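**Student:** after the sequence you'll find the predicted model.
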Amino acid sequence: MGFGDLKSSAGLQLLNAFLADKSYIEGYVPSQADVAVFEAVGVPPPTELFHALRWYNHIKSYERQKASLPGVKKALGKYGPADVEDTTGGDSKDDDDIDLFGSDEEEESEEAKRLREERLAQYESKKAKKPTLVAKSSILLDVKPWDDETDMAKLEECVRSIQADGLVWGSSKLVPVGYGIKKLQIQCVVEDDKVGTDLLEEKITEFEDFVQSMDVAAFNKI
């Protein structure tokens, strides 16, 4: 298993295909597996590799707390699709084995190039036959007014007026915060590829006559 050289176009394409129906490298929460692959990628993937770019930007948001993410970081070759040969050197192989991804410093033979492209095409074809799972998240937002005189019904109306592809508003309630002030706590479900917390905060705080600030109270992958 493995992605090969994640600095190369072929390696990034494999990563993108792998993440087409997954939110994380392993499991359903960010872990040391994501940290290991994130560090190997190093820079944001090209925009056309949108699955890989979506994952990269999401893991980047954990950069300050990556040491606290669960799991134990393993060799890079231990992560990725099981049906793609690891060529990162994590497992010992015979010297005569063909390096399907090759090194930029070595001249790649036509046979090795043909095998690499054939293997990548097979993997892409296999992934294309699988139904695409849409990664979604459930987010609980705290929207705070300026004072106790703010019309909270109007504030909620403004928040719910925000419409975007991949955004569905859910239940809400008013929660006392002190001095007669109540905050709006509202649930929403978003498609990760289309809507992020930055966009929500930008749109909600545009209603500056009613909204003082917005915080994310809870964020859960679905």
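**Tutor:** Here it is on my side, so go on.
**Student:** so, low pLDDT: which residues of the protein?
**Tutor:** 1, 82-108, 127-132 (pLDDT under 70).
**Student:** centre-most residue in it?
**Tutor:** Centroid-nearest residue in the chain, with C-alpha atoms, centre = their mean: Trp55, separated by 2.7 Å.
**Student:** can you give me phi and psi for the closest residue to that one other than its chain neighbours?
**Tutor:** Distance criterion C-beta to C-beta, 6 or more residues apart in numbering; nearest residue to Trp55, sequence neighbours excluded, is Leu19 at 5.0 Å. Where you see a C-beta, it was placed from the backbone N, CA and C, and this is true even at glycine. Here is the backbone geometry of Leu19 (degrees, to the nearest 10): phi -90, psi 10.
**Student:** check contacts around Leu19.
**Tutor:** His51, Ala52, Arg54, Trp55 (C-beta atoms under 8 Å, 6 or more residues apart in numbering).
**Student:** possible to save these as CSV with distance to Ile204 and secondary structure?
**Tutor:** Shown next, in CSV, are these (distance: C-beta to C-beta, whole Å; DSSP: H, G, I helix; E, B strand; the rest coil):
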residue, distance to Ile204, secondary structure
His51, 27, helix
Ala52, 29, helix
Arg54, 22, helix
Trp55, 25, helix
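**Student:** and these, which two are furthest apart?
**Tutor:** Ala52 and Arg54 (7.4 Å; C-beta to C-beta).
**Student:** coming back round to it: closest to Lys126 out of the contacts of Leu19?
**Tutor:** For the contacts of Leu19, the nearest to Lys126 is His51 (15.4 Å; C-beta to C-beta).
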